[in-house]
Structure formats: structure tokens, C-alpha cells
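Engineer: Here is the input, now give the coordinates:
(one chain, ligands or ions: 1)
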Amino acid sequence: MFLGPPGAGKGTQARQLAREWGVPQIATGDMLREAVAAGTPLGRQAKRIMDEGALVPDDVIVGLIAERLRQPDATAGFILDGFPRTLGQAEALDRLLKELGQKLDAVLYFEVAEPELVRRLSGRRLCRQCQSAFNVVSAPPQREGVCDRCGGQLYQRDDDSEATVRNRLQVYERQTTPLLDHYRDRGLLSAIDGEGPIDTIRDTIRRAATGAR
Ligand SMILES: [Zn+2]
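Structural biologist: Take a look at the predicted model:
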């Protein structure tokens, strides 16, 4: 399980390591979008809730995870990327894994200092025409303010402004503190230094994850 605030880089690492280990990367945001697109019963339920502008409740998210973990490609292992988000989801996951006869090998928490997170998240720029994403810090376009792909104009989403980013990070921290305690109490939690070169971070994750098996 990879946990960490937005901008900590867990998605990138999860994608690469899932390929290396031959297991699926399970991210609830992607799954919600897929379930909605596929029109599954849970997807339709989630869409109704999101159309009303409400937050998708824990039981729907956990239902999606339950469906996903029962797929044949997840029986040999999986990486949970950014799930659970709340203590309620974590407790539901404990019950589900017990039912499936599975267990977590390790919970890795990606630590990145707040100023660095703000720098990464507020550096995001999107193309008005083709929606390509750039980052003035980590993946700048060749010409400032101009999309490499289509020449369109780049802009910053309201969500990525510094004040909003700080607020998102505070909400995340409030939600996850009890979650981290939950896994620390069970001896599963390791902190991963999420700053520094991607390859170095990946080596640390490999050691932490395989050491736990
Ligand atoms: Zn573009």
C-alpha cells in the first residue's frame, strides 16, 4: 500500500513497480472513472452521487475495491495507490482482505516536506487546447507558457493555486493521521523519503517492500 499526500510521487512509483512486479496498480480515482465509463451498477451509483456534487461515500469506494481485488490478476498481489483515505476505509479493507484470505505486506508512507509539495503542485500547467499537463518545476515546456504538443496556451487550474494546494494538503493530513496510526500499531508502516532522485526512491521502496514479505 502506497500512501502519501498529493504531489508525493506515489503514482509514478506505483506505475513503474506494478509493471516490474507483474501486479496491478489499484488507484480509486482511476477505478471510479472506469466504473462510471463501463456503467457497472457501482459505477452508475457513483456517477449519481458525483453528479449531485457530493463525495463518494466509503461503502461505494470499498465496493469498487472489493470488485477489483476479486479479479484474477490481483490474486498474486497488488499495489494500492492512494487508498484508503480514511480510517473507515482502512477498517473496511481489513475485513475485505480477511475475507479474501489476503494480507498487506507493507504500508509505505511517502514523506515530502510541505514547501516542496506546494512547489510541485502549484507548478502544474495545463494546455487550454489539448489538456496536456506540464510542470514548471519538474517537466517544463520548451517555451514558457506554450504547449509542446499543439502550441496551445498553458494555464494554471484554480485547484493548483498556492492557497488551494495548502488547503488540500491540510485536509489530507487531518484525514490520514489516524490512518497512519492504524498501520503503525500493526507494525506495517514504513516511511519513504519522497524527495531526491526517482531511482533512489524506487530502490528504497523495493527494499522496504521485499523486506516485509
Ligand atoms: Zn496542447
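Engineer: For the helix or strand hosting residue 177, which outside residues touch it?
Structural biologist: Assigned by DSSP states H and E, residue 177 belongs to helix 162-185. The contact list for helix 162-185 (C-beta atoms under 8 Å, 6 or more residues apart in numbering) reads 1, 3, 5-7, 84-87, 90-91, 104, 107, 109, 114, 117-118, 121-122, 158-159, 189. From N, CA and C alone the C-beta is placed, and that goes for glycine too.
Engineer: Apply the buried test to those and list what passes.
Structural biologist: 1, 3, 5, 7, 84-85, 87, 90, 107, 109, 117-118, 121-122, 189 (16 or more other C-beta atoms under 10 Å).
Engineer: picking up where we left off before, tell me the buried residues in the helix holding residue 177?
Structural biologist: So for helix 162-185, counting by 16+ other C-beta under 10 Å, buried means 165, 168-169, 172, 176, 179-180, 182-183.
Engineer: so which of those residues comes closest to residue 18?
Structural biologist: residue 183 (20.2 Å; C-beta to C-beta).
Engineer: picking up where we left off before, turn the buried residues of helix 162-185 into CSV, columns for distance to residue 78 and pLDDT.
Structural biologist: Formatted as CSV, the buried residues of helix 162-185 follow (distance: C-beta to C-beta, whole Å; pLDDT from 0 to 100):
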residue, distance to residue 78, pLDDT
165, 29, 89
168, 26, 86
169, 27, 91
172, 22, 89
176, 20, 90
179, 18, 94
180, 20, 95
182, 19, 97
183, 16, 97
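Engineer: Out of those residues, flag the one nearest to residue 195.
Structural biologist: residue 169 (15.2 Å).
Engineer: separation between that closest one and residue 59?
Structural biologist: Distance of residue 169 to residue 59, given as C-beta to C-beta, to the nearest Å: 26 Å.
Engineer: Ok, residue 23 next?
Structural biologist: Applying C-beta to C-beta, the value for residue 23 to residue 59 is 25 Å.
Engineer: what does residue 188 give?
Structural biologist: Counting by C-beta to C-beta, the gap from residue 188 to residue 59 is 24 Å.
Engineer: again with residue 44
Structural biologist: 15 Å.
Engineer: How about residue 153?
Structural biologist: On the measure of C-beta to C-beta, residue 153 and residue 59 end up 42 Å apart.
Engineer: Spatially nearest residue to the residue nearest the centre of the chain, not counting backbone neighbours?
Structural biologist: In the chain, the centroid-proximal residue (C-alpha atoms, centre = their mean) is residue 82; its distance is 3.3 Å. Spatial nearest neighbour of residue 82, chain neighbours left out: residue 27 (5.6 Å); criterion: C-beta to C-beta, 6 or more residues apart in numbering.
Engineer: What helix or strand is residue 12 located in?
Structural biologist: Going by DSSP H and E, residue 12 is in helix 10-21.
Engineer: Against which helices or strands is that helix packed?
Structural biologist: strand 2-3, strand 25-26, strand 79-80, helix 198-212 (3 or more C-beta pairs under 8 Å, 6 or more residues apart in numbering; DSSP states H and E).
Engineer: and the helix holding residue 177, how far out from the chain's middle?
Structural biologist: 13 Å (C-alpha atoms, centre = their mean, to the nearest Å).
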